[in-house]
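[1] compute the structure for the input listed below.
(one chain, ligands or ions: 1)
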Amino acid sequence: MKITFLGGGNMATALIGGMLERGFAADDIQIVELGEAARAALQQKLGVRAVAAFEERARVWEVLVLSVKPHQMKAALAPIAGRLAGQLVISIAAGLRLADLGRWLGAPGVPHARLGRCMPTTPALSGAGVTGLYADVAVDAAGRAAAERILAAVGSTVWADAEAQMDAVTAISGSGPAYVFHFIEALEAAGRGLGFDERAARRLAIDTVLGAAKLAAAADDSPAVLRQKVTSKGGTTEAALASLAAAGWHDELVAAVDAAAARGRALGDELGKD
Ligand SMILES: NC(=O)c1ccc[n+]([C@@H]2O[C@H](COP(=O)([O-])OP(=O)(O)OC[C@H]3O[C@@H](n4cnc5c(N)ncnc54)[C@H](OP(=O)(O)O)[C@@H]3O)[C@@H](O)[C@H]2O)c1
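    Presented below is the predicted three-dimensional model:
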């Protein structure tokens, strides 16, 4: 499967690194990247072909992965607009909708249809991401499988049933690492308040989150059951959870995710307005 990446930044580098580890051939991957230093680094680090523009060979692909920043996309697609022959295009750009990408990729009045979009997470940079994917109806099972194979190189994958759910994916897993970092910050602050130095408090907080997440990922029990199992009547955990419940912590987090989804919808409107 020949794959061209448009944009060779952080996320493309992480994806290609993961793909090479999982058996994709370096010869099958090329990158169109504007920056000269970035191209040299990509060639050296990943051993894949990196070029400055869509010259003839760079336009030979079965899958095109759009990996420039959302605000760079329209201009980056202009050189190939109307020149695709029905190949699969997958966008990893946050917020950009298929209708807008299709319009920018197609000829006037003929939008490109074989399109999918996905939302990776920053832990993808260390191979531990989770990616939400959505594809247009014009993408067949083979196209969906190809998209999934590429994104599975940096973590797990979850398909959305409707494009609107991509705003929810963005709100849950896209922005999610920040919520977890915030939780770690608070747990670390609590540790410092109880007398630990920064290093020890941070270690306790990070490894607690890491261990609990691993346990939850491997367990047959739901997170709620796991929580109940570690909450003894009259014990320390019960005291902490009662304090969190009194502060409305659960509902606050749900409201925060709703706010992120609403912001995602607004950004999608803004990004595709021209
Ligand atoms: N990083 C994340 O955690 C994350 C998570 C989810 C989704 N994403 C999505 O992934 C995409 C890439 O993010 P990133 O963090 O990898 O960004 P990035 O590091 O800025 O990578 C984008 C690259 O594309 C280059 N570029 C810009 N315009 C171009 C053009 N016309 N032709 C060829 N190359 C061009 C940029 O060069 P210059 O630097 O010179 O502009 C840059 O090297 C974004 O759309 C973002 O929404 C990222």
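
[2] going forward, measure contacts and count neighbours with C-alpha atoms only.
    OK.

[3] name the nearest residue to the residue nearest the centre of the chain, ignoring sequence neighbours.
    Closest residue to the average C-alpha location of the chain: Pro120 at 1.0 Å, with CA atoms, centre = their mean. Distances taken as CA to CA, 6 or more residues apart in numbering put Thr131 closest to Pro120, at 4.3 Å, once the chain neighbours are dropped.

[4] ok, the residue nearest to the centre of the chain - contacts?
    Contacts for Pro120 were tallied using CA atoms under 8 Å, 6 or more residues apart in numbering; they are Ile92, Gly129, Val130, Thr131, Gly132, Leu151, Gly174.

[5] tell me the one of those nearest Leu46?
    Nearest to Leu46 out of these is Leu151 (CA to CA; 17.1 Å).

[6] buried set for stretch 33-40?
    Glu33, Leu34, Arg39 (16 or more other CA atoms under 10 Å).

[7] distance of the last one relative to the ligand?
    So the one you mean is Arg39. 9 Å (CA to the nearest ligand atom, to the nearest Å).

[8] ok, Arg97 next?
    In terms of CA to the nearest ligand atom, Arg97 sits 12 Å off from the ligand.

[9] got the buried residues of stretch 33-40 as JSON lines, with distance to Asp140, pLDDT and secondary structure columns?
    Converted to JSON lines, these look like this (distance: CA to CA, whole Å; pLDDT from 0 to 100; DSSP: H, G, I helix; E, B strand; the rest coil):
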{"residue": "Glu33", "distance to Asp140": "29", "pLDDT": "96", "secondary structure": "coil"}
{"residue": "Leu34", "distance to Asp140": "32", "pLDDT": "95", "secondary structure": "coil"}
{"residue": "Arg39", "distance to Asp140": "33", "pLDDT": "95", "secondary structure": "helix"}
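
[10] next one: Arg114 from the ligand, what distance?
    When distance is defined by CA to the nearest ligand atom, Arg114 is 19 Å away from the ligand.
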